[in-house]
Structure formats: C-alpha cells, structure tokens
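S.K.: only geometry, no sequence info:
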C-alpha cells in the first residue's frame, strides 16, 4: 500500500545497516526495492536522508514514503477456507498447518491472503498494504487455529486498537517438552531479535515487554499439554518464552531440540480461542477452533505411553 510509514528503532537493532533493518521490519518489500527508496530520498532517519549502508541507532525515527504500487501481483486463489464466522465487517477462519498468512519471499501464493481475496471478492481492508489486505494479526505458518481478518478499514482500525491495548483474548494450546511441577505460571520477559541469528527472537534486556500466562492441562511423562494466554503478542512469543523456561515446543525447528521424536511439520501450537469486541455491534464475541487431528492423535499417543 502506498503512503507513509514510521518505525522506531529498538535497542537490539542498533548498529544494523539501514537497508537490512528495513528489510527485517517490512518483509513484504524486497531489500533491493528498499535500497532504491533510500537512494531516492524516500526514507528519512530523524528527518534526514540517509544511505543504505548507514547504520541505525536505538531511538532513531525512520520514516518511509512508499510509492503507489503499479500492479499488485497477489491474485485471488480458490483455496478452501474453514470459516468460523463471517459478516460484512470481519471474517474469522481456522487456519490449517502449513499455510502462510500473507505472501512473502519464498511464498508468493497459496497463502491465506490469496484465499481471502477470492472468497471476499477483494473486499478486504487496505491498511496493511497490497501484500497483507485484511490482515490484522498473523500466526506462524505451522501454527494452526483462529485468525480474524478485516473487510473494511474501519473494522481494521477498531481491531488494531484492541490489539494495541492487549484487550483481545488469545489462548493457545501446545505440547511442550518436560513435565511441570506447578499448575500455572507467568513468563514476563522482554523479547527482541536474537543478536546471534536475526531470523530468531530471544529474551533480551533491550527488547519489548512480553507476557505469557500458562496453565498445565496435563503432564504427559517427558512432555506436557498446556494452554497459554497472551497478554502481549510479540513474534514467536510463546515459542521463545516456553523455551526460555525449559519447555520448548515439540516439533519447533527454531527453538526446540534439533531432533524431534515424532514426525511433525513444525511446532505443536494451536490458536484455540480468539475473543474481541465486534467493530460494529460493539459486543464481545469469542471463537474457538477445535484441535487439529494431528494434535489430537499426538495427545492420544503420548497418553498411551504413560
């Protein structure tokens, strides 16, 4: 989407090249495209033009002016959707495992956005740009479960405001390594990019506040079935927080053990419940997606072995 965007540089991004910082923060645009914006004076750092190779500092304010896209290449695709609810303002779906939410490098099509464009006939909010029409929040490719998309800009803004103040109910279920001695707990640790691997996130002193409340549903020998309620919604939050306290998610290729004892495609994580105030009716609504078959089968297998 054309227009202006503003970013504030976090402590963990200090010292990173401007073009790399932008490509990390705005992955829907290529690094080459962003470098051209910088050279064309469309990117200002603290109000001043910069160069792609210049590094950013903590607290820098980066402003971008993104020109109008001539012809967005994201096409509607007739991909089946598991729709939990739909009206003129929103659509709530149960995202399957392996589906990417929006187009990104390596995933140009076959995404939830492609499916939504087909189903909604293009009637989706445009606030998040041509690469993410309707997308208010997202979940990882291999995470399943409830996700809401906005059909209008007004609905998008209303939902985004709830996300900003952490008033949306988000409960996930996961299978993690190692049993628990306590039934409940809270992880309140800041998250930022891993300084050793910028594709990952980690608990960092200069990161953004992140809070995960968890409850043990059942201990399963060397594993445990848990529910996590998000107070904040940082990237990879549950995956990083649980690994940090010694309970990485089963099947997690980034934060778990290198070898998984079961044939899983990614982390065993499911967005079970999503609740929010409806943009038009102003009534609280809550949606739940049943556990996917692979998750239920794994629970049965782990239950039988204990």
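M.R.: In hand now; what should we look at? None of these values were measured; they are calculated from a predicted model. Numbering: from 1, shown residues only.
S.K.: Residue 128 is in contact with residue 153, correct?
M.R.: No - between residue 153 and residue 128 there is no contact under CB atoms under 8 Å: 10.1 Å. C-betas here are computed from N, CA, C, even on glycine.
S.K.: Neighbour count for those two, which is higher?
M.R.: Just comparing residue 153 and residue 128: by other CB atoms under 10 Å the higher neighbour count belongs to residue 128, 20 against 12.
S.K.: For the more buried one, give me its contacts.
M.R.: Shown in contact with residue 128 (CB atoms under 8 Å, 6 or more residues apart in numbering): 1, 134, 135, 136, 156.
S.K.: Where do the helices of the stretch 101-250 of the chain begin and end?
M.R.: 112-119, 153-164, 237-244 (DSSP state H, counting those that start in this stretch).
S.K.: which of the contacts of residue 128 has the weakest pLDDT?
M.R.: Minimum pLDDT across the contacts of residue 128 is recorded for residue 1, with 46.
S.K.: low pLDDT regions in the stretch 1-150 of the chain?
M.R.: In the predicted model, the stretch 1-150 of the chain carries pLDDT under 70 at residues 1-3, 27-28, 68-72.
S.K.: Give me the nearest residue to residue 245, chain neighbours excluded.
M.R.: Excluding its sequence neighbours, the residue lying closest to residue 245 (CB to CB, 6 or more residues apart in numbering) is residue 187, at 5.9 Å.
S.K.: can you pull the pLDDT of the one you found?
M.R.: Value for residue 187, per-residue pLDDT: 98.
S.K.: Next, count neighbours for it.
M.R.: 20.
S.K.: separation between it and residue 254?
M.R.: 17 Å (CB to CB, to the nearest Å).
S.K.: now swap in residue 10 and tell me
M.R.: Taking CB to CB, one finds residue 10 at 20 Å from residue 254.
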